[in-house]
Structures are given as C-alpha cells and as structure tokens.
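Visitor: structure here, sequence nowhere to be found:
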C-alpha cells in the first residue's frame, strides 16, 4: 500500500536527499518549501510502481541548472505545477504519477507538490539514486532513444523578466540541452516535467525504491542528531553501507561556472600520500588518489561531509575546511538503465576532461 507523506517526512527527505545529492542536488530550503507546501495543500502519496496500472503514464519532475548564489535564480512552487500541466496538455492524456530524475537536497521532493496539487501519485522510483549533472543521466535509458519525447520547463527571475515557459518535443538527447539553456537564461535554475513513459517502462528502467532510501537515511540522521560527536556520520555510513574513503583538509579548490550552467573543476583534499582529487561537474563524479589512480567513479555515491555529518555541497566547500568523503559503491545501490547507458558519458567526459565510462560501466550490475 502507498504511504501518505506528512510533515515529518519533509525533513527526512531533505536530510537523506542531501547526502545522495553528492555535492549538488539543489537547496535544502527549496526542498523544505516544496515539501511543506505539498503536505499543506494535499496528501501526496508515495506508491511503488507496482501499484500503478502498467499502462499508466508517469513523467519525471525535475529541476534543471546549477543554482549558485552568484546567479539570479528564482523558482516558485507554482512553476513545478505549471510544468506538469503543460506536459499533460502536450501529451493529451492525464499522468498517473511523477518520479524524479535524482535524489538531492530538493530534488527528492520535486514530485511532491505537483502530485498533491494535481492529484497524482509520487512514484517511489528515481532516474538515479544520487544527483548527477545532466538530464540524460536520469533519463532511464531514453538518452539515446530516437523517439520524440515531450519536455517542459517553467520558471525564472520575474523582476529581471527572465520568466520562461517552454514546451519542446524531440529526441531526449537533442532537447535536454535546450532545457539547460533555458535554465541559464532564466537565472540558473528552472522547473521541468519531462519524458512521459508507461509505468511498465519505469519498472524496467528506473532505480526503484529511491525515494524510500532517501527517507530511511534521513530518518536515521534525525535519530542520531544530538546523540554526540560523530553519531550522525556513523549513522550515515551504517545506513548507506558506505565508507569514509577520504578525510582531510581541503587544500585547493578549482571550480568554475560555465555557460552551460555547470560548475566544473576539482577539489583537492589532504596532503602527502593521503592527497585525493575530487572531480566536479555540479556533483562529485570521481576521486583520484595521489598517484592518479581512480578510487571512486559515478554512479557510486560520493559526498563531502563536515565533522557534524552535515553534507556539504560543492559550493559550500572552502579551502581550509576539514571534510570527510563518503563513498557508497554502485554494487550496493539500485542502478537505473540510464547510468548504465554508454551514450550519457561522452558529453560529461569531454566537459570534465577525464574518463568515466570505462569505470562506470565496468562490472556494473543491477540489484
């Protein structure tokens, strides 16, 4: 049976989502705004994909961009609702539910408000357990598809006349960059609804149970808070099944914002033999050791945390901070077909200047 999401689930979703945000994934306060709005206007219901008719339509509710304090982004709850309405109009048939492309500080909750407002289900499935830089990586195997898909985007800074409403149709790989451009033009962050597919397709290709995983982690974090130093960090490690792969002081930070609305670069942690380089494209995508050997690669979960167990986004990490780097290997998390799709890697590899696919696709297995 489905689970009615309530006020207490909002903080759990934000806190668990913040770890799976992998250094990206939006804003915690934005997630709280979406969650509290959802539970105050309706009863968003989290359901497994098995509870839907296999022929029912499910679309992905998402937020696109790299909202930094340096960009004039503005996104309201109504923008998420409008994006879903525009997609339903373009589809010509009602949606039954919404999934999300990834977990994150706010993205775990992207489907809650439009679902509550429009009477849809929140589907317990994600395009990727963790956050990632491109829509293709959460597109559940549609990135290389020639099939025309519908994608919508709504939002923008009203005061600067940056508000945009956009409906596009085309192969996912061709229209996804249009939405990124719209995000940049709107101020850096835009609401989206995209890629309507049948529930049977979601069951086959998404990372199932992804929202429940974030909620379970968030509940463990909340239970550990106030119990003493290190307890939150311990709870995160224990609940995710991961390890602290790297710990040390941030020695260098070389990250720049690009015209494609990506934060790209490296963060160096530790000194001497313990030095590690974290490769960034919005999120942490890989870690190399001092010898240049790869020790972690997307779709592994890679997250920086402070001593209190608070996840730090790439934008919060500063030289001189002492950080812990959580690593959850891909072998113990549900993987979607999009993170196992070779076509999603070349653009990211080119932007970052490193190899990902040979590690990401090596020995991958779904659970």
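Guide: That came in fine, so what should we check first? Owing to the predicted nature of the structure, the values given are computational and were not obtained by experimental measurement.
Visitor: how about the helices in the protein?
Guide: Taking DSSP state H as the criterion, the chain contains helices spanning 7-20, 28-41, 77-91, 112-118, 172-186, 199-205, 210-224, 231-240, 346-352, 357-360.
Visitor: any idea which of those gets closest to residue 263?
Guide: With Cβ to Cβ, the closest approach to residue 263 among these belongs to helix 346-352: 10.8 Å. Every residue, glycine included, has its C-beta placed from N, CA and C.
Visitor: contact partners of that closest one?
Guide: Among residues not part of helix 346-352, those counted as contacts by Cβ atoms under 8 Å, 6 or more residues apart in numbering are 133-134, 136-137, 258, 260, 262, 264, 279, 281, 285, 355-357.
Visitor: pLDDT weak spots in the stretch 201-350 of the chain?
Guide: Residues of the stretch 201-350 of the chain meeting the criterion pLDDT under 70: 261.
Visitor: what ranges do the strands span in it?
Guide: Shown for the stretch 201-350 of the chain, the strands assigned by DSSP state E, counting those that start in this stretch span residues 207-208, 243-257, 263-269, 276-281, 283-289, 294-297, 301-305, 311-312, 322-328.
Visitor: could you redo those as JSON lines and give each row mean neighbour count and distance to residue 192?
Guide: Compiled in JSON lines, those are given as follows (neighbours: other Cβ atoms under 10 Å; distance: least, Cβ to Cβ, whole Å):
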{"stretch": "strand 207-208", "mean neighbour count": "26", "distance to residue 192": "19"}
{"stretch": "strand 243-257", "mean neighbour count": "16", "distance to residue 192": "20"}
{"stretch": "strand 263-269", "mean neighbour count": "21", "distance to residue 192": "19"}
{"stretch": "strand 276-281", "mean neighbour count": "24", "distance to residue 192": "19"}
{"stretch": "strand 283-289", "mean neighbour count": "24", "distance to residue 192": "18"}
{"stretch": "strand 294-297", "mean neighbour count": "20", "distance to residue 192": "27"}
{"stretch": "strand 301-305", "mean neighbour count": "25", "distance to residue 192": "23"}
{"stretch": "strand 311-312", "mean neighbour count": "22", "distance to residue 192": "24"}
{"stretch": "strand 322-328", "mean neighbour count": "22", "distance to residue 192": "27"}
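Visitor: just send the ones you listed back as TSV, with distance to residue 54 too.
Guide: Output for the strands of the stretch 201-350 of the chain, formatted as TSV (distance: least, Cβ to Cβ, whole Å):
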stretch	distance to residue 54
strand 207-208	14
strand 243-257	39
strand 263-269	39
strand 276-281	35
strand 283-289	32
strand 294-297	34
strand 301-305	30
strand 311-312	36
strand 322-328	31
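Visitor: which of those strands sits closest to residue 31?
Guide: Across those, the minimum distance to residue 31, taken as Cβ to Cβ, is reached by strand 311-312, at 12.3 Å.
Visitor: just checking, what packs against that closest one?
Guide: Applying 3 or more Cβ pairs under 8 Å, 6 or more residues apart in numbering; DSSP states H and E, one finds that strand 311-312 makes contact with strand 301-305.
Visitor: now for the strand it packs on, which elements pack on it?
Guide: Under the contact criterion of 3+ Cβ pairs under 8 Å, 6+ apart, the helices and strands touching strand 301-305 comprise helix 7-20, helix 231-240, strand 283-289, strand 311-312, strand 322-328.
Visitor: got the angle for that strand vs strand 283-289?
Guide: Note on geometry: by axes from the mean of the first three to the mean of the last three Cα atoms, to 10 degrees, strand 301-305 and strand 283-289 are set 90 degrees apart in direction.
Visitor: quickly run through the sheet partners of strand 301-305, with directions.
Guide: The sheet places strand 301-305 alongside strand 311-312 (antiparallel), strand 322-328 (antiparallel), with pairing taken from DSSP bridges.
Visitor: no further queries at this time; thank you.
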